[in-house]
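Asks: here is a sequence with its predicted model. Questions after.
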Amino acid sequence: LHKRFQQRYRVGRQWVYRKPPGFTPVLYRAAAISTAKQTGQPVWIVEGEKDADALTAAGRLATTNPQGAANFPPALLAQFDGLRVAVVADRDLSGYRRAAALSAH
């Protein structure tokens, strides 16, 4: 069964399903990055908000990227410089590819 998700964006007071011009992606639970820098704890990069929320509830620092497994914006990678990072792979082809690509950086 193929998963299908639609990304939506807040433009003013409306939600739209087309990426607005000048859109800048941000990490989900981005505060985990600053906490990791202050405490030395590892940051877990997972695939999806539910996984980030579950790890956070378990006391871990977790984040994920917007727009799906195959779309980790390279510009966001610099935020992890100097941090201990654990990359978690979903058990599917796109998850393995994502984890391999992120681990290579």
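Replies: Looks like it arrived, so ask away. Everything numeric in this text was worked out from a predicted model, so none of it was measured. Residues are numbered from 1 along each chain as shown.
Asks: quick check on the most centrally placed residue in the chain: phi, psi?
Replies: Of all residues in the chain, the one closest to the mean position by CA atoms, centre = their mean is Thr64, 1.6 Å from it. Backbone torsions for Thr64, taken as degrees, to the nearest 10, come to phi -150, psi 170.
Asks: hmm, Asn65 and Trp73 touching each other?
Replies: Rather than Trp, residue 73 is Pro. Yes - using CB atoms under 8 Å, Pro73 is in contact with Asn65, at 6.5 Å. (C-beta placed from N, C-alpha, C; glycine too.)
Asks: okay, and the helix or strand of this protein with the least pLDDT?
Replies: strand 9-11 (a mean of 87; mean pLDDT, DSSP states H and E).
Asks: which strands or helices does whichever strand or helix holds Thr63 pack on?
Replies: In the assignment (DSSP states H and E), Thr63 maps to strand 61-63. If you count contacts as 3 or more CB pairs under 8 Å, 6 or more residues apart in numbering; DSSP states H and E, strand 61-63 packs onto helix 31-39, strand 43-45, helix 49-57.
Asks: tell me the residue furthest from the middle of this protein?
Replies: Outermost in the chain, CA atoms, centre = their mean: Arg13 at 24.7 Å.
Asks: between Pro73 and Asn65, which one's more packed in?
Replies: Asn65 (21 against 13; other CB atoms under 10 Å).
Asks: for the protein, longest helix please?
Replies: helix 93-103 (DSSP state H).
Asks: in that one, what's buried?
Replies: Gly95, Arg98, Ala99, Leu102 (16 or more other CB atoms under 10 Å).
Asks: try stretch 56-65
Replies: Thr56, Arg60, Leu61, Ala62, Thr63, Thr64, Asn65.
Asks: what average pLDDT does it get?
Replies: Stretch 56-65 carries an average pLDDT of 97.
Asks: so Arg29 touches Ala52, yeah?
Replies: Yes - Arg29 is within contact range of Ala52, at 5.2 Å (criterion: CB under 8 Å).
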